[in-house]
Structures are given as C-alpha cells and as structure tokens.
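S.K.: Predicted model and sequence below, questions to follow.
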Amino acid sequence: MTLALLPPRRQGSRPAAEAPTAPPDRTRRFPRALPWLLTAGVLAQAAVRLWFAWARTGPAANPDETGYLLAARLLAGGPGGDLSGNTFYQGGYPVVLAPAFWFSHEPATVYTTVMAINAVLGALLFPLGYAAARRFGLARRSALPLAFAAALLPATTFFGAFALADAVLPTLVLAWLLALDRFVRGGRALDAALASLVASCTAAVHTRGSVLLAVHCAALLVMALPGRRRVRAVLAGGAVTVAGYAAGAALNAHIRAELYPRGTRDLAGILTSRLTTVPGQEWALSGAAGQLWYLIVSTWGLAGAGLVAVAAVLARRRAPAADRIMAGVLLAATCGIAYASSAALPDEHRVGNFAYGRYLACVALVYALAGAAALLRLATGRAVGLAAACALLLGGSGLWVAAYAGERLRTHVFIGFDFPEVTFLTADRGALHLREATLAALALLCGLLVASRLNRTALTAVALAGVNLAALAFVMGPHARRVPAEPPLAGPASGGVVTDASLNWAVRTALMYPVWWTRLGTFDVRAGRPPAPGVCTVVVPLPDGTAPEASWPAHPAGWRPHAGRFWSLGWVGWHDPSCAGPAQ
C-alpha cells in the first residue's frame, strides 16, 4: 500500500476527485454514519454475490472444487477420498468450509452453505477496499462509493461462485497489505504480528501464499535493518510467521496423508525444469506477461494505471521510505506470483496456458483502487499520461503473448471458465480475441478517465459498478435459475460404493463429493469376482454404443444399472436393490 502515488499538490489546488467542502454539521455526521454505511455495504455485497451463485448446487470446476470440499468434509469428521496424482489442494480454505458439514450432509445444501460463506468473506473486500482507498489519498466520501464499486470486479466476485481458494484469497491478500502497511509506517509489534498471521494463513490456503510469505519475510528483514529501531517488533512478527507456517504445514501434512496416499502431481519438478532451461524460461516469462495482460484487461484498464503508479513510487527517490517499501512489496508479490505460477503450470494444451487471470485475481482490487485513485487525483494532463502508459503496458504484454503463443491461441482448447472478463469484452464465449479484448478494455479505461474528469467520484463509481454488474450478468446470468441437484447414483445413500479401475478419473472425481456417506473404493470388474460384502454400488465405464445392461456382463444377479454422463464420458452405476437402511 502506498500513499505517495502522486506528487504533492500545490497549495490552493483541489483534485478532481474531491467534492466541495461540506457544511460543518454534515462533516461531523459522516464519521458517525460510517460504520452503518460500511455494514450496509457488506450486506449488499454479500447479497449480490449470493444472488449470482445461488443457482449452483454442486462443484463444476473439477478436480479443484472436489479437492477443497473433500478436505473440508474430512476436517469435519466425514469420509475423505483418494485424490492421488492430482494437484495438492491445501487445507487453509477447507478449514473455513468445514462448518458447512456440521449442519447437513446433503451435498446440495452443503454447497449452498459454502456459497454463503464465500459471499460473506468476499463482501469483506468492501471495508478493506475502503481502507485501501483512504490510504491511497481519497477522502471518505470518495473512498466509500469507489470501494463498493471496485469490490464488485469479476476478478474478486466470479470465483466466489465456486468452492475455490480464489474466493478468499483477495480478502486475505488485501488484509495482509493493510496490516503490513500499518507496521511499516508505525513500527508496532501488534501490526507486525497481525500481518504475519495473515501471511501465514494465506500460505496455508494456496501456494501463491507461499510467494506472499517470502515477500513478507523480506519486508520484515528490511524493517530490521540498522537504524530503524524496530527489531523487537520484527522479532514478534517473525515468531508469529514461524508458528503460523508450522501450523499450516501440519494441517497440510494431515490432508496430504489422508487424501493423497499415493502422492500428488509434481509441480515442484515442473517448476525446476522450467527454471533451469531456456525454453522453460521463455514459457514462464511469456506466461507471466499473459497474466499481467489479463490483470489489466479484467479490471477495465484500472490495474494497468495502478501498476504504473506503484512502479513510479518505487522509482521515485524522493518518495517516503514507507511508500517505496510497500510499492516494492506489492510489485514483488505480483511478479513473483505471475512468474512462479506460470513456471509451475503444466502444458495442458489450453489457451489459458498463455493468458490467464485467476492467479493474479488476488491483487486485482488493490491495483484497480490504486489506478482509480490516481486518475481521480491527478491533473488532466498527468491522468492522460497515466492512461497512455497503461495502454503501452497492455499493448506490450499482449504483443508478447501473441508472439510467443502464435497459432496456439487458436488451435489449443479454449475454456470459457478461464476467461470470464474477456468473454464479456468480446461477447464471445468460444474463443480468445486478444486484440479485440485489449481495445475494449482501453475503451472502458478512457470512459472511466472521462468520468474522473467531470469532478464527480460518484459518476466514476457508478460507471465502474455498472460495467462490473453487466460483466457478471453476462458470465453468470444464463445460469440464474436454480436447478435442483439430482443424486448421481440410484438407490438409498447407504452401503459401500466402488468404481472400476478403468473408470475415467474425471468421472471418479465427480462422484466423490455427491457420494457423501462413504469413501469411494476401487474394484476390478475384469477379475470376475463379486464385490465385497457391504458394497451396494459398482460404477463402471460405458463405452459409446454399449447398452447399460451390457456394461458389466458378470454383474451379480438382481443388480440393476443406472446410466449417467459426465461431460462426454458415459458410466453406469450398478446397484443392489437389497441394500437399504441408514447411511453408513
């Protein structure tokens, strides 16, 4: 967080964002009303987020969602599963979700509760964003509407409609930055401990948090340099960091042992191979450029203005030391996440390998607020120059992506989930139009720049909120009608459930969460043996053109097939009708 985004104003000048001085009685009343306004804003934010997520009653982004939900169910005392070979989904976020399993075991009900938890945690971005806007130099009356509008960015809202760690990472990251900023400026041990606690929690939630934790430790070391006289506070922060990291490591070790008995995907090996080869470096750097491009596009250009403003603070030698430290922290965390996540990303032959927004979504709000604050406070000439610098950054990163990826942007698989904001900007859910998305984002930035020149922060906030809600309605609107979830397997929720060893991993993963009463086992139908006692359901693959009744020729007498589909994959759940009674 930085205060000196702008050079000091000359005496007698008034920035465009500030309204005329309010009458004394109104000025005194506003601080009294502020807690109520913040509370009402949090409730409104939660309602909007829950509205867009309400139609969803089960995981769709697999195996990610299933990994987090299974870990939460395990922590709540329920059965786990076998996710061996998948990416490791850490335990920090499941700890937050575990209470959803205390009140119900019905999968749709639990998932709806998870959406409510996400909505509340996401809504906290409004008061946190207000605090950030104030530290960027905006007055209360300007910071309040702008923070509310910016908190509705799809980058901070869309993933809240899924059981993903991305639903809480923006809140954690902004809370960490605010706490660290207070420590850097005040030097209090309490602030150092709070920032360290949040950084440790973030590291327990996702591997991106490990990058933040490394940056946090570096910031503590800088604050401990001779002459700063904050060694005791730094030691307190370091102790909390070590304790928090140890607790998170113990939690993740428990989940790894229970859910990944045969190991996880070796992302560390991928990262090492990329860092030690020239082609690997090209992949990592290009992917990082693609993430920066998406960060700017997904915030309608505001994050680009924020990036330029924060970089200018770091480069300005006359800027206060605290401002330069926080500018360095924010930029180091951003570049570190973009580079490390790109380097560890396996080549899945999807367009998202080259331009992806999910990993940097956790810093989208802070950069958008920084960019908006700069546009509102700068004089017209400087604001236009800032927008031009943003255009150069956006165009340069886009050209880098296009040059490296080439035809792969058209031949690789395009998944709309990877590009929610881009599909809105180009009105096409089926392909990436990099040039059109870039121009559309610049057009929106120009519109916000014009709104900022009209001396009305409210107009800028309304315009930003309108674009955000329109994007969310485009991406999530077609799914607004609530669809009841149907059990995937026939029969009562009881008895053991096993899957054939040849069943596609995607089908097996998709069944782990709805089969809430037991842990899925493995069974080889080719062996010709009957299932073990207590097993009531056997799931086998269904090749195209095969009748469900012929999917398991050696099935026991009396068992009945129930066909299902997951994406284009067919499967059959064979059930023993004699199985009944309470769930095991």
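M.R.: Perfect, I can see it now. Numbering: from 1, shown residues only.
S.K.: which SSE is P561 in?
M.R.: Applying DSSP states H and E as the criterion places P561 in strand 560-566.
S.K.: What's the separation between the most centrally placed residue in the chain and T157?
M.R.: Against the mean C-alpha coordinate of the chain, by Cα atoms, centre = their mean, the closest residue is D166 at 2.1 Å. For D166, the distance to T157 equals 11 Å [Cβ to Cβ, to the nearest Å]. C-betas here are computed from N, CA, C, even on glycine.
S.K.: returning to what we had before: assess the claim that the residue nearest to the centre of the chain and T156 are in contact.
M.R.: No. Under the criterion of Cβ atoms under 8 Å, D166 is not in contact with T156, lying 9.1 Å apart.
S.K.: which residues are in contact with both of the two?
M.R.: Counting by Cβ atoms under 8 Å, 6 or more residues apart in numbering, the common neighbours of D166 and T156 are A361.
S.K.: Counting neighbours, what do you get for the closest residue in space to the residue nearest to the centre of the chain that isn't next to it in sequence?
M.R.: Among residues not flanking D166 along the chain, F159 sits closest, at 3.7 Å (Cβ to Cβ, 6 or more residues apart in numbering). Residues lying near F159 (other Cβ atoms under 10 Å) number 25.
S.K.: quick one on the thing from earlier: the residue nearest to the centre of the chain in helix, strand or coil?
M.R.: Assigned with DSSP: H, G, I helix; E, B strand; the rest coil, D166 falls in the helix class.
S.K.: what sits against it?
M.R.: Here D166 is in contact with F159, R358, A361, C362 (Cβ under 8 Å, 6+ apart).
S.K.: export those to JSON lines and tack on pLDDT, distance to D428 and secondary structure?
M.R.: Putting the contacts of D166 into JSON lines (pLDDT from 0 to 100; distance: Cβ to Cβ, whole Å; DSSP: H, G, I helix; E, B strand; the rest coil) gives the following:
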{"residue": "F159", "pLDDT": "95", "distance to D428": "21", "secondary structure": "helix"}
{"residue": "R358", "pLDDT": "95", "distance to D428": "19", "secondary structure": "coil"}
{"residue": "A361", "pLDDT": "97", "distance to D428": "21", "secondary structure": "helix"}
{"residue": "C362", "pLDDT": "97", "distance to D428": "27", "secondary structure": "helix"}
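S.K.: any idea which of these has the most stuff around it?
M.R.: Counting by other Cβ under 10 Å, top hit in these: C362 with 30 neighbours.
S.K.: Let me know the pLDDT of the nearest residue to it once chain neighbours are set aside.
M.R.: Of all residues not flanking C362 in the chain, L169 sits nearest, at 4.1 Å (Cβ to Cβ, 6+ apart). With respect to pLDDT, L169 has a value of 98.
S.K.: List the residues that contact L169.
M.R.: T202, V205, H206, R208, G209, A361, C362.
S.K.: 10 Å - rerun?
M.R.: 92-93, 121, 156, 159, 202, 205-206, 208-209, 212, 358-359, 361-363 (Cβ atoms under 10 Å, 6 or more residues apart in numbering).
S.K.: ok, now which ones touch G395?
M.R.: Counting by Cβ under 10 Å, 6+ apart, G395 has contacts W293, I296, G304, R435, T438, L439, L442.
S.K.: any idea which helix or strand carries the spatially closest residue to T546 that is not a sequence neighbour?
M.R.: In this structure, T546 finds its nearest non-sequential neighbour in G570, 7.9 Å apart by Cβ to Cβ, 6+ apart. Using DSSP H and E, G570 sits within strand 569-575.
S.K.: so how far is that strand from its chain's centroid?
M.R.: Centroid displacement of strand 569-575 relative to its chain, using Cα atoms, centre = their mean, to the nearest Å, is 33 Å.
S.K.: The chain should start at 5 in everything you say after this.
M.R.: From this message on, residue numbering opens at 5, which makes the last subject strand 573-579.
S.K.: State the mean pLDDT of it.
M.R.: 92.
S.K.: Over to stretch 255-265?
M.R.: 96.
S.K.: Output it as CSV, nothing but the C-alphas.
M.R.: Extracted in CSV, the C-alpha atoms of stretch 255-265 (Å, rounded to 0.1, in the frame of the first residue of the first chain):
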residue,chain,number,x,y,z
LEU,A,255,-2.6,-29.1,8.6
ASN,A,256,-1.5,-29.7,5.1
ALA,A,257,0.5,-32.8,6.1
HIS,A,258,-2.6,-34.3,7.6
ILE,A,259,-4.7,-33.7,4.5
ARG,A,260,-1.9,-34.9,2.2
ALA,A,261,-1.7,-38.2,4.1
GLU,A,262,-5.5,-38.8,4.1
LEU,A,263,-6.4,-37.7,0.6
TYR,A,264,-3.2,-38.3,-1.4
PRO,A,265,-1.9,-41.6,-0.2
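S.K.: Looking at the contacts of G399, which are in helices?
M.R.: W297, I300, G308, R439, T442, L443, L446 (DSSP state H).
S.K.: dump the residue contacts of the second one.
M.R.: It stands for I300. Counted by Cβ under 10 Å, 6+ apart, I300 has contacts 306-311, 361, 364, 368, 371-372, 375, 394-395, 397-399, 401-402, 442, 445-446, 449.
S.K.: quick one: the residue nearest to D170 and E425 touch, right?
M.R.: No. With contacts counted by Cβ atoms under 10 Å, F163 stays clear of E425, the gap being 11.8 Å.
S.K.: joint contacts of the two?
M.R.: Common neighbours of F163 and E425 (Cβ under 10 Å, 6+ apart) are G361, A365.
S.K.: Can you show me the strands along this protein?
M.R.: 500-504, 525-527, 539-545, 564-570, 573-579 (DSSP state E).
S.K.: Out of these, which gets nearest to V202?
M.R.: strand 564-570 (38.0 Å; Cβ to Cβ).
S.K.: Only the C-alpha atoms, please, for the closest one, written as CSV.
M.R.: Only the C-alpha atoms of strand 564-570 are listed here, as CSV (Å, rounded to 0.1, in the frame of the first residue of the first chain):
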residue,chain,number,x,y,z
ARG,A,564,-29.8,-53.0,-11.7
PRO,A,565,-28.0,-50.5,-14.0
HIS,A,566,-28.4,-46.7,-13.8
ALA,A,567,-26.7,-44.9,-16.6
GLY,A,568,-25.2,-41.4,-16.3
ARG,A,569,-22.9,-39.0,-18.1
PHE,A,570,-20.2,-36.6,-17.1
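S.K.: avg pLDDT for it?
M.R.: 88.
S.K.: which other residues reach that strand?
M.R.: 66, 490-495, 508, 510-515, 541-544, 546, 550-556, 559, 574-581.
S.K.: go with 7 Å
M.R.: Strand 564-570 is contacted from outside by 492-494, 510-511, 514, 546, 552-553, 555, 574-579, 581, using Cβ atoms under 7 Å, 6 or more residues apart in numbering.
S.K.: Many thanks, we can stop here.
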